[in-house]
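> Sequence plus predicted model, see below.
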Amino acid sequence: MTPAGHRRILSHACAWGLISLGLMVWSLFDPRPLPVIGAMSIGQVFGTISLASFLYVVVSDLRPGLKKALDEAGVSKRPLP
Amino acid sequence: MHFDHSPLTLLALGCAAASAIILVGYLVLRPRLGAVTKVWLAFGLGVLPLVTAFAGNVQGFEATKKREFCGSCHVMIPHASDSDDPASTSLSSRHARNKFFGEVNCYACHADYGMFGTVITKLGGMRHVWLYYSEYRDTPLDEAKKAIHLLRPYPNDNCMQCHSTHAALWDRQPDHKSSLEDVRAGRVSCASAGCHGYAHPNFRPPEPAAHAELRP
């Protein structure tokens, strides 16, 4: 994926992250049933989405470098056992 | 409902604020996606929100045990304000005064104490929230008093989590002594008219009418 694509994913991740933080903070200031349940369900899902998107970007940025290193070490040329 | 100043809440808020600053910073400054930016984002999207979520969940579980929380749906106000009343002589209110579990007395008596009890209690609670918003939200109190009852008869086992029935003074009490087996097996309810009375004023479990007359 292009760097621009990665930046777009990360911007979305930040937005999801901010919504999730907002829900969690709301439940701390106003611990009634709906805010607390919202924070512990929707808040967690949004937070997980944002963290997963970030990890996706980090891993896919690492992949070319990793492949190169493996090639140089001859790992990928070795025949499978 | 009031805000709880516990260290965990402050930790959750501090991490949330730091994380929000990083995230807004990223959205506004749009820095190059180098290693430094990624480390910042690892804190803003990873470490800090995870601390907030962890501390927030612990706080959330604590908050949902409080009587204040139970009383935040209007149909539970009669139960909760009775417990809040220091002059009340109801069984539930008499359990609302000690420092150890007074604030969480509803939970202390109504939690499921079996294996996975906490999870089952919380799932049951979710069901109550659902029923509240789908059915009871606009129910007037007078009607709620008639309509709301326990799904199953109240188990003596819950009382016996704290009152073991194995204390000498307790065993010596003649009524306890004569009904010991029935009490332990749940055949006689501790919270019935002939014994310690109903736990809550105004509310009655759906029982044969004869019992109502026995009540003092």
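Structure received. Small disclaimer: the values here were computed from a predicted structure and weren't measured.

> Check what contacts stretch B:31-40 and list those residues.
If you take C-beta atoms under 8 Å, 6 or more residues apart in numbering or on different chains as the criterion, stretch B:31-40 is touched by A:3, A:6-7, A:10, A:58, A:61, B:22, B:25-26. Quick note: C-beta positions are derived from backbone N, CA and C, even for glycine.

> So which of the residues you listed wins on neighbours?
Within the contacts of stretch B:31-40, most neighbours by other C-beta atoms under 10 Å in any protein chain shown means residue A:10, with 26 neighbours.

> Flag every residue of chain A that's near chain B.
Contact residues (C-beta under 8 Å from any C-beta of the partner chain) of chain A with chain B: A:3, A:6-7, A:10-11, A:13-15, A:17-18, A:20-21, A:24-25, A:27-34, A:36-37, A:39-40, A:43-44, A:47, A:50-51, A:54, A:58, A:61.

> Just the ones of those residues in helices?
A:3, A:6-7, A:10-11, A:13-15, A:17-18, A:20-21, A:24-25, A:27-29, A:33-34, A:36-37, A:44, A:47, A:50-51, A:54, A:58, A:61 (DSSP state H).

> which among those residues end up buried?
Buried subset of these (neighbour count, 16 or more other C-beta atoms under 10 Å in any protein chain shown): A:6-7, A:10, A:13-14, A:17-18, A:20-21, A:24-25, A:27-28, A:33, A:36-37, A:44, A:47, A:50-51, A:54.

> Now do the phi/psi pair for residue B:85.
phi -80, psi 110 (degrees, to the nearest 10).

> what bits of the chain have low per-residue confidence?
The chain I'm using is chain A. Within chain A, the ranges that satisfy pLDDT under 70 run A:1, A:76-81.

> look at chain B instead
Ranges of chain B meeting pLDDT under 70: B:1-2, B:203-216.

> give the contact list for whatever residue of chain A ends up closest to chain B.
Chain B sits closest to residue A:31 of chain A, with a gap of 3.7 Å, by C-beta to the nearest C-beta. By C-beta under 8 Å, 6+ apart, the contact set of residue A:31 is B:1, B:4, B:59-60, B:63-64, B:66, B:69.

> Which ones among the residues you listed map onto helices?
Per DSSP H, the contacts of residue A:31 map to helices at B:59-60, B:63, B:69.
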